Each structure stands twice: as structure tokens, then as C-alpha cells.
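Enquirer: Below is the sequence, then the predicted model.
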Amino acid sequence: MKQPKLKYYQLGDNVTAFSSTRHGGVSNGNYGEFNINAFCGDLEQNISQNRNALCTELGIENDHLVMPHQTHGIESRDIAEEFFTLPTEVRKMLLEDVDCVMTDVKNICIGVSTADCIPVLLYDPVHHTACAVHAGWRGTLNRITHKEVLEMNRVYGTSPSDVKAVVGPGISLENFEVGQEVYDEFEKVGFEMNKIARMYDKWHIDLPLCNKFQLEQAGVKVENIQMSDICTFSQVNDYFSARRLGTDSGRIYTGIVLR
């Protein structure tokens, strides 16, 4: 069995946080090598082998790897112990149209899939809880990361000042070109465009920085925010990029496990 090559983040002694790379799996072509996303056209047998390898790497049971079917919304799901007693089809239904997952359950992996969008991990060391956020430009526009910090407070009593966060691999300002209509949407809802946007031939928007600002605005301390500074577009040999490879390609999985 091939061993997936992961980029790990240090969030605490009793937590494992990571992003997958393209290396260490059995998928081919634009899905190669390591893809575990079942919604992007990869072969089922390759996805299954890659999932098994990741679960072995993480030391968790195969059905304890949680992946929502994201739709660029702001819906979140709290994964409790009871979730794993439900039939497979019910679990799939509960993860449909979900872009954030959170939990306080140990030895399960929650995560989100991206290929230029921004994955954000949140960890509360006081209540030992975690959240994974998928922030594409639409989710970023709707301040999904800010919302999830507040949602952790509502569900678990998390104090934003305790949260440790990772802004994972995603497309950089230099490579995220947008139309005037997208720029206008960000401006209309109050983003500070002089800080997050730059004009080249067209407007470019800094999605990682947008999400960092949302964390700060929610009360997360600047020193508790890790920026991966990995541009998926420019580092396409190591990370999937839909803008470089097309949507029929693999996805990065950014996950977190409480121990």
C-alpha cells in the first residue's frame, strides 16, 4: 500500500492536522496520485485504496474519515458520536450541501476538499474541539470562516481568543484573477478592497488574506494563525489546482483529528 505524503501542521500535542499532496497514492492523470474525493470523477477503486492508505497513516477506522459534499454554501454540520451509528446513506445525506464540519469526537478525521479554494482548520485546545472550513470565493464573500468561529462558540463554548487556526493551500493573489462583477460583490459587502485586491490586467483578489482577516475579526489572535503560503496554481505538481488542471481533477483533503 502506498503511503500518502502529507503536509502536517502543528496545532497541539493531542491533535493531528494536515493537507494532502498529490503524492503517495494510486490515482492517475489529473487525479494522480493521491485523491480521495468521490465527487470529481476519479475511479472508485483508486479512491478506496487512497482512503484506506490515509486511514492507516492517521491510525483511524476506515469509516471515521468524514468528507462533506461541498456546494460553496455556508452550511455546517456538527459530527457527534451518534453520527457513526447511522446507516451509510443517512450519513451521506447529512453531509450533502455542507461546507464546514466540526466535532469534539476523538479519533475521527473531519476535513474539506479543495483545488484552489481555501481550506481553514480551527482548533480549540481548551474544549478540545475542531472545525474544517471550505472557503471558495463565494464562501469567503459570505464570511464563512468568521461564521464558523462564532458557531464553535455557540456549539462548544469556544472562546475565539483560544482558537488556533491554519489557512491551508489555495490560490494566491497573483493567480486569482476575477471579473469586475466579483470585485464588485466583495466591495458591496464591505471588504477593504485596498487591502485584499490588486489590479494587474484584471482584478486579482487575495482569498487567503481575506480568510485571515475574518479570523482576526472573529477574535482569533494573530499569533495563533498559521498561513501555509502555498499557492495551488503555481505549485500544481504538488497540489491540485482546478484552474490549471480543470474541474475533472483530484482534490486536496485538509483534515484534523483529535486524539
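Expert: Thanks, I have it. Numbers count the residues shown, from 1 in each chain.
Enquirer: For the residue nearest the centre of the chain, which non-adjacent residue is closest in space?
Expert: The centroid of the chain falls nearest to residue 119 when counting by Cα atoms, centre = their mean (2.7 Å). Closest residue in space to residue 119, ignoring its immediate chain neighbours: residue 254 at 3.6 Å, by Cβ to Cβ, 6 or more residues apart in numbering. Just so you know, the C-beta spots here come from the backbone N, C-alpha and C atoms, and that holds for glycine as well.
Enquirer: phi, psi of that neighbour?
Expert: Here is the backbone geometry of residue 254 (degrees, to the nearest 10): phi -110, psi 120.
Enquirer: where along this structure do the strands fall?
Expert: 6-9, 15-20, 65-66, 76-79, 100-103, 109-114, 118-124, 129-135, 164-167, 177-178, 197-199, 203-205, 225-227, 252-258 (DSSP state E).
Enquirer: would you list the ones you listed in TSV and tack on distance to residue 28?
Expert: Shown next, in TSV, are the strands of the chain (distance: least, Cβ to Cβ, whole Å):
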stretch	distance to residue 28
strand 6-9	20
strand 15-20	16
strand 65-66	22
strand 76-79	31
strand 100-103	28
strand 109-114	18
strand 118-124	24
strand 129-135	25
strand 164-167	29
strand 177-178	29
strand 197-199	37
strand 203-205	33
strand 225-227	32
strand 252-258	17
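Enquirer: coming back round to it: in contact with the residue nearest to the centre of the chain, which residues?
Expert: 19, 111-112, 132-135, 167-170, 252, 254 (Cβ atoms under 8 Å, 6 or more residues apart in numbering).
Enquirer: and if you look at residue 244?
Expert: Residues in contact with residue 244 (Cβ under 8 Å, 6+ apart) are 232, 233, 236.
Enquirer: now, which of the residues you listed sits nearest residue 43?
Expert: Of all these, residue 236 has the smallest distance to residue 43: 20.9 Å, by Cβ to Cβ.
Enquirer: burial of that closest one, as a residue count?
Expert: When neighbours are counted by other Cβ atoms under 10 Å, residue 236 registers 18.
Enquirer: I'd guessed it sits against residue 245; true?
Expert: Yes: if you go by Cβ atoms under 8 Å, residue 236 and residue 245 touch, sitting 6.7 Å apart.
Enquirer: Find the nearest non-adjacent residue to residue 234, please.
Expert: Using Cβ to Cβ, 6+ apart and skipping residues adjacent in sequence, the residue nearest residue 234 is residue 175, 6.2 Å away.
Enquirer: you'd agree the one you found is up against residue 231?
Expert: Yes: taking contacts as Cβ under 8 Å, residue 175 lies within contact range of residue 231: 6.1 Å.
Enquirer: which of these two has more neighbours?
Expert: Remark: of residue 175 and residue 231, residue 231 carries more neighbours, 20 against 16, as counted by other Cβ under 10 Å.
Enquirer: give me every residue that touches the closest residue to the more buried one other than its chain neighbours.
Expert: Computed as Cβ to Cβ, 6+ apart, the closest residue to residue 231 that is not its neighbour in sequence is residue 172, at 3.7 Å. Residues in contact with residue 172, defined by Cβ under 8 Å, 6+ apart, are 206, 208, 231, 233, 234.
Enquirer: in the longest helix along the chain, what counts as buried?
Expert: Assignment by DSSP state H gives helix 44-58 as the longest helix of the chain. By 16 or more other Cβ atoms under 10 Å, the buried positions in helix 44-58 come out as 46, 47, 49, 50, 51, 53, 54, 55, 57, 58.
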